[in-house]
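> Below: sequence and its predicted model.
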Amino acid sequence: MNRWLPFEWIAAVRFLREGRLQTLFIIGGIAIGVAVIVFMSAMLAGLEANFIKRVLTSQPQIQLLTPDQVARPLRNGNGVIEDAIVQRPSQRVISIDQWPKIRAQMLAMPEITAVSPTISGSALAIRGDASRAVTLSGIEPESYFAIVRVPDYVVAGEPRLSSEDIIIGIELAKDLGAVVGDKLNVQAASGANRVLTVTGLVDLGNKGVNQRAAYVALRTAQSLLGMIGGVTTIDITVQDIYAAEDIAQRIQAANLVKADSWIKTNAQFFVAVRAQETSNTLIRVFVAMSVAFGIAAVLIVSVIQRSKEIGILRAMGTSRGQILRVFLLQGGLLGFIGSLFGAALGAGALIYWHAVQRQADGSELFPLILERRLFIITALLATVTGLLAATAPALRAAKLDPVVAIRG
Amino acid sequence: MAEAILRLEKVCKAYNVGLPTETEVLHDIDLEVDRGEFVALIGPSGSGKSTLLNIVGLLDRPTSGRLTIKGHDTASLSDTELTHLRGHTIGFIFQSHLLISAFTAKENVMMPLLVDRGFPSPEIEAQAGRLLDQVGLAKFASHLASNMSGGQQQRVAVARSLAMNPDLVLADEPTGNLDTRSAEAVFELMREVNRRAGTSFLLVTHNLDLARRCDRIIEVVDGRIQR
């Protein structure tokens, strides 16, 4: 008998140990429940982290664009008749008004970490008989690479962009039969064209994007698209990505630009995450409930089986409080021990799933996130669930009339 | 005059009080047990012996009348105080389901002390060891209760009932489930404890031979004391 344990602990542990099979089965049940919760929580956190990582490294968190051009009919003027239908004007590609000033302002804001002016438009990439439509992005490599880690995605060549260079997507390179060092003729809609050397091939993780991506130096794009000195977007990254929408609204209010945050442009993702979280929470609650009912059922049976022993203990001078604690402890212990096995099982399943499940390109589906916090919280919750589940059986045991219990 | 450990004055017990099914099980019981007395309680089944024992053992409260144990009037005590008084002055020996099966013989003997003190200690263990030795079961100390014979279990129960040094031991047919030889051994053991330590015993039994060897016989018939 352990000298450091009080009576209640000794009795609780002995009772659990004596009911071997019952105890083993219920611990198995609890462990499976806990494993499901650990597995699902960790995987969801991993998927979310994966997406956030993409947000952080492959797209600007805020994009400043020229405001939409709208037709503004005169209203209520003398002798003015308003048409019933006002057509939306076609959106010309135009430069952001006074963009260097806006860029300077952005750089002065403490919550903004990087600002990069870019220009984009469509063009044709031609090599021999093959020609493909491309999305031409004119960038300043130093500032743009701080926002989109193009160098990380380079699979051949190097991320170098002088005014005669072009970096293209791997699918586009395949379609044109081009390799690093080849020359491409790039032609804009206006007829302007330039011959550029392929310095790098990038894989941005999406086939459609890889078929159209073409990065050139800002000046090259400006001259091709006929917008000398102009830019169409200003890309921004911020310190706190969750504050992006707030900052975007402030920028939009203060400048003649449209500011789109990643939160707004990825609204669908957030809806999906929220839906997942809701269903995850529901599953967790129901799993916890079924675990709780399991514990309660086992303990109720144990109280009935042991009612004579409880009566004898009461006759010996054991108080109702002591009996209550003996059974509460059993619930707590079951929850705690079950959660230890469950956490190990969940972590094992997660490691296995992580090793087996791959994305189409062979990269991991979700990063393996095994936070200590998750395990501590799960163990705590399981223990509390066990204690709560044990309340009814423990009260029943404490209320047993020793006379009735002993007579059986 | 000897000191009375237990005194019952006009004790009545009725069940379902106030209902049409009200039944009075004990009527006006007057009874006194002195320190060091070994009293047999006999009577046919259903005569109220067990109810009387439960009331004396503070497991049940009388409907009316006065129950005094070691000078404490029990009517004014709360449940917690009754539990405490019971733990410290009364030992129990039951006919069946005697021990707690998850514990060893020695731990069962320790149990009343453990419940009282809260933690195990070397003294408690030593005390339990001495008691087991007294009942001749020292070498069974580490056997699980469920692995012992009926007679052995009952001797462990006797040792357990003595753990708190009680003034009074209540034994409800302690030999009822035992063969003659084991029954004799258990009875002799109780008698010896009674002689040596001066512990009072109130022994419910159907065995008239055993009853005749007690200091006094009380017969209960239909809820009344006959002699």
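Looks like it arrived, so ask away.
> so what's A:Ile81 scoring on pLDDT?
A:Ile81 carries a pLDDT value of 69.
> Which one of the residues in the stretch 151-300 of chain A is closest to chain B?
At 15.0 Å from chain B, A:Leu299 is the closest residue in the stretch 151-300 of chain A, using CB to the nearest CB. Every C-beta, even on glycine, is put in place using the N, C-alpha and C of the backbone.
> Distance-wise, check the residue positioned nearest the centre of chain A relative to A:Asp240.
With distances taken as CA atoms, centre = their mean, A:Glu48 lies nearest the centre of chain A, 1.4 Å away. Per CB to CB, to the nearest Å, A:Glu48 is found 16 Å from A:Asp240.
> can you check A:Asp401 too?
The spacing between A:Asp401 and A:Asp240, counted by CB to CB, is 63 Å.
> Show me which of the two is the more surrounded one.
Neighbour count, other CB atoms under 10 Å in any protein chain shown: between A:Asp401 and A:Asp240, A:Asp401 has more, with 14 against 11.
> Got phi/psi on residue 17?
Picked chain A for this. phi -70, psi -40 (degrees, to the nearest 10).
> Can you get me a residue count around the residue nearest to A:Phe366 when sequence neighbours are not counted?
Leaving aside its chain neighbours, A:Phe366 sits nearest to A:Gly46 (3.3 Å; criterion: CB to CB, 6 or more residues apart in numbering or on different chains). A:Gly46: 20 surrounding residues under other CB under 10 Å.
> For the one helix or strand B:Leu170 maps to, what does the pLDDT average out to?
Per DSSP states H and E: B:Leu170 is located in strand B:168-172. Averaged over strand B:168-172, pLDDT sits at 92.
> Packing partners of that strand?
Judged by 3 or more CB pairs under 8 Å, 6 or more residues apart in numbering or on different chains; DSSP states H and E, strand B:168-172 is in contact with helix B:49-56, strand B:90-93, helix B:180-197, strand B:200-204.
> Redo those as CSV? Include mean neighbour count and mean pLDDT.
Output for the helices and strands packed on strand B:168-172, formatted as CSV (neighbours: other CB atoms under 10 Å in any protein chain shown; pLDDT from 0 to 100):
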stretch, mean neighbour count, mean pLDDT
helix B:49-56, 23, 89
strand B:90-93, 26, 91
helix B:180-197, 16, 88
strand B:200-204, 25, 93
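> In CSV, list the ones you listed along with distance to A:Ala35.
Putting the helices and strands packed on strand B:168-172 into CSV (distance: least, CB to CB, whole Å) gives the following:
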stretch, distance to A:Ala35
helix B:49-56, 49
strand B:90-93, 46
helix B:180-197, 52
strand B:200-204, 55
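> With distance to chain A added, can I get those in TSV?
Output for the helices and strands packed on strand B:168-172, formatted as TSV (distance: least, CB to the nearest CB, whole Å):
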stretch	distance to chain A
helix B:49-56	5
strand B:90-93	5
helix B:180-197	17
strand B:200-204	13
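> Looking at the ones you listed, which is nearest to A:Ser261?
Proximity to A:Ser261 (CB to CB) singles out strand B:90-93 among the helices and strands packed on strand B:168-172, at 76.2 Å.
> Now that closest one - C-alpha only, CSV.
Taking C-alpha atoms only, strand B:90-93 is exported to CSV below (Å, rounded to 0.1, in the frame of the first residue of the first chain):
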residue,chain,number,x,y,z
ILE,B,90,-18.4,-0.3,17.4
GLY,B,91,-16.9,-3.1,15.4
PHE,B,92,-19.0,-5.2,13.0
ILE,B,93,-18.8,-8.8,11.9
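> Strand partners (parallel or antiparallel) of it?
strand B:168-172 (parallel) (DSSP bridges).
> Any idea how far the partner strand is from the middle of the chain?
Taking CA atoms, centre = their mean, to the nearest Å, the mean C-alpha location of strand B:168-172 is offset from the chain mean by 2 Å.
> Tell me how many other residues crowd the residue in chain B that chain A sits nearest to.
Relative to chain A, the nearest point of chain B is B:Gly87 (2.1 Å; CB to the nearest CB). Neighbour count for B:Gly87, taken as other CB under 10 Å: 22.
> Quick one: name the residues of chain B near chain A.
Counting by CB under 8 Å from any CB of the partner chain, chain B comes close to chain A at B:50, B:54, B:57, B:59-60, B:79-80, B:83-84, B:86-88, B:92, B:94, B:97-98, B:100-103, B:107, B:110-112, B:114-116, B:118-122, B:125, B:160, B:164.
> Recalculate using a threshold of 7 Å.
Contacts of chain B with chain A, taken as CB under 7 Å from any CB of the partner chain, map to B:54, B:57, B:59-60, B:80, B:83-84, B:86-87, B:92, B:94, B:97, B:100-103, B:107, B:111-112, B:114-116, B:118-121.
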